[in-house]
Every structure is written in C-alpha cells, then in structure tokens.
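Novice: would you be able to build a 3D model of this:
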Amino acid sequence: MKRIHLPRRHRATPVAGIALSLVALLAASFGNAAAGTGLASVQDLRPAIDEIARPYVEPSGWLFGRKPKLVGMVVGIVRDGERAVFGYGTTDHESGQPPNEDTVFEIGSISKTFTGVLLAEAVRRGEVRLEDPAAGYLPADVAKKAAREPAITLLDLATHTSGLPRVPANLDPKDLDDPFADFDERALWKFVAKRGLKRRDEAKYEYSNLGMGMLGYLLARSTPGGPKGWDALVTERVLLPLGMSDTGVEWSADQEARRATPYHKWGKRDRIWSFAALQGAGALHSTAADMLTWAEVNLGHGAGDLAEAVRASHEPHFRMADRLQSGLAWVVAEPEEIGETVIWHNGGTGGYSSHLALLPGSDLGVVVLANTSSELVDRAAQEIVKEILRIGKETS
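Specialist: As a prediction, this is how the structure comes out:
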C-alpha cells in the first residue's frame, strides 16, 4: 500500500487542538466581560480586518517563523443580518485577480456540518434515530459481517466518538493528489466487513473523516424512495431550500470559471479533490456569499423547515475537554470569560482552507476561505473574531 500524506487538516488532531486554542485566545482577550456588538455597520470593520488580513497575503513571503503566506483569502462577516465581504491576495498567481464574494473555493470538512444537519433532519422526519446502530443501514450481507457489540451508532459517527480511524486502512489511491476519488462503496463495504463496527468500551473523541463520510453515505441510503448519493440528498434537503446555488459537489462551467486556483502551502499549484463514498466528509465547494447564508441559517435566521434540525445539530453530545463539546459535527466551545458560546468548524483539502465561526449570542458569523492549504486560515479567523468582539465591546 502506498504511504499517503494528506494535508494536516485531514488528520485527527487539529480540530481539538485548534478548538482549545480558540477558547484560550478569546478568553485571554476579554477577561470577564461578555462580548458586545455595538458597531454601527459591519462595513466599519474594514480597516481593522485589512490590518489583520493583509500580512497573510502580502508578497513579503513568510509569517510566524516557518509558515508561508496565503495566495488569496476572502473574509465574510454577518451580524444582525448585515453582511460584508472583503477580499485579499489573488485567485491565481498569474491573473492577479482578488477574490470576492462569488469566488468559489473547496470548503473541505465544513461539509461535515451539512452532514450533521442532514442527520438531525432525518431524525426529525422519523427516518433514523441517533442511537441506531450504523450497521443497520448497510446492505444486509455487509451488515451481517460488520455488526458488533457494543455497536457504533449514528450519533457516534456524528460526534467523532466511534473509534474509527481518521481514514480507512484500505485507502489506496491511484492518484495521491486526489486521495478519496476512488474510495467507492465497495471499498467502504470491504473495510467495515473486515474491521467491524464495534464501538470502544469507553467513548473518546477521535476525529474521523471515515466516520463522518460513512454517516453521510448511510443517511443517503436510508431515505424514502431508495438509496441516493449524498450529493443528491444535501442538494434536495439543504442547498435548494436555502437558495445556496453556488454550493455543491459537482462543478458547473460557471463555477469553474470563478474557481480560485488551489495551492499547496509551500506554493505549488494543487488540484481540486473529488469524493466517492465519503462525500459527507468534505466534498462541497462554496463561496463567501453562500457560506454567509449558511452562517445566518445557523444563527437562527431563514432556516425555514430546517430550523429544528439546525438547532438540534448544535446541541452538545460529548465533552471533548473543559468548555469544549461536540455537537452533530459542530465544535461547541463555551469560553466562560466572554459569556457566550462559539460554534465552529474548519476545513481543508489539497489546495484550500476554510474556517466558519458562529457566535449566536452576538448574532455574529465569520467565514474565512483561502486557496492555500494552510493552518494560517484558522489563526486569521481567530484573530478576526477576537478583533470584532474587542471593537464591539469598546463601542457598545
């Protein structure tokens, strides 16, 4: 088997580690005061966001010691229904065109939050239960081989407590630059039949792209009317109802024309990724405009029939660490020093990085998308959230 080197953002440790650093960053910045949002307009934030964002994309080259710059980055902010989008750097080294609200990026593991909402919606419709064994939604012959006790449940998959590995042991891509493209349902069946779907006796948070991708696959199989793909399910139940026309798995010609060129963090041009059986783990692309719609929906605005499922996806189910819990895919942080909850997720593929943070108590959402695979996006997002809260506190 080939040795596979996935971007760090597809490994097991970053989510918990970044979550803890976000809690520490926000707590250190605000003491015991709750955050305020006293700005007259989010457009007033432009000078402050410029000061934070520009050093990440300036051609001076290096930040924070050994970390290289981002090629391009777009920052989206929504507060009390008002939006602002600011672009930095370029969509491509050659074009010099800055990204904007309609530039298309892969969002990687933020796709998992859509899978979390799909699970909550399936529960609301009575199609599944959180405590259902995952093996029960596999084909009968595969389920017979995979069933174990204690059984991995749908909730275990959604909260990264199943004990399944980060990626399947039989992931053996023909193309290392597109590692999930040929991991199809037969490869998934082969893995679960051999490994079995037995849960650890003691639950432990272990980030698993395999587990969340499997959850999306099982949800798509369980829908009334027969099995369908995750891409069809998320389009039918989430994207179309919310009007998120620039978010999806397949690329239209227009979206390809607006796509930011992907780059590896060391500057090499990279490739877009494709997914077969594990689409629910990271297959979506989107824009800042659409991601602000997703932020508003998750802040309680415009969700329509999905409102109950969205709220349910935020409910904590497993405590990862002090003041840090796992919802249905979402990370739920509770920094007591700022007096409100932060709900977030990040993502990354071979040439893209993303971060979405929600502060329901301030009716504030922040999204950062970049066409470079780099942990710098998480740092930029954390600094931006911190600065918005600081300004809000001073002006309230």
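Novice: and stretch 273-286, how far out from the chain's middle?
Specialist: Relative to its chain's centre, stretch 273-286 lies at 11 Å (Cα atoms, centre = their mean, to the nearest Å).
Novice: show me the helices in this protein, by range?
Specialist: 14-30, 46-57, 111-124, 140-146, 154-158, 185-195, 209-221, 230-234, 240-242, 253-257, 288-298, 307-314, 376-395 (DSSP state H).
Novice: just checking, residue 74 touches residue 366?
Specialist: No. Residue 74 is beyond contact range of residue 366, at 11.5 Å (criterion: Cβ atoms under 8 Å). Bear in mind the C-beta positions are built from the backbone N, C-alpha and C, glycine included.
Novice: so, low pLDDT: which residues of this protein?
Specialist: By pLDDT under 70, the low-scoring segments of the chain are 1-39, 59-68, 337-338, 396.
Novice: of residue 74 and residue 366, who's got more company?
Specialist: residue 74 (28 against 25; other Cβ atoms under 10 Å).
Novice: the more buried one: what's it in contact with?
Specialist: Going by Cβ atoms under 8 Å, 6 or more residues apart in numbering, residue 74 touches 85-88, 99-101, 103, 105, 288, 368-370.
Novice: out of these, list just those in strands.
Specialist: 85, 86, 87, 88, 105, 368, 369, 370 (DSSP state E).
Novice: can you tell me which two in those residues are farthest apart?
Specialist: Pairwise distances across the ones in strands among the contacts of residue 74 peak at 14.8 Å for 86 and 105 (criterion: Cβ to Cβ).
Novice: neighbour count: those two, which is higher?
Specialist: residue 105 (30 against 21).
Novice: wait, isn't that one in contact with residue 369?
Specialist: Yes. In this structure residue 105 lies within contact range of residue 369 using Cβ under 8 Å: 4.3 Å.
Novice: which residues do those two both contact?
Specialist: By Cβ under 8 Å, 6+ apart, residue 105 and residue 369 have these common neighbours: 74, 286, 287, 352, 354.
Novice: re the thing from before, and the ones in strands among the contacts of residue 74, which is closest to residue 260?
Specialist: Once Cβ to Cβ is applied, the member of the ones in strands among the contacts of residue 74 that ends up nearest residue 260 is residue 105, at 5.5 Å.
Novice: do you know how far that closest one is from residue 371?
Specialist: 6 Å (Cβ to Cβ, to the nearest Å).
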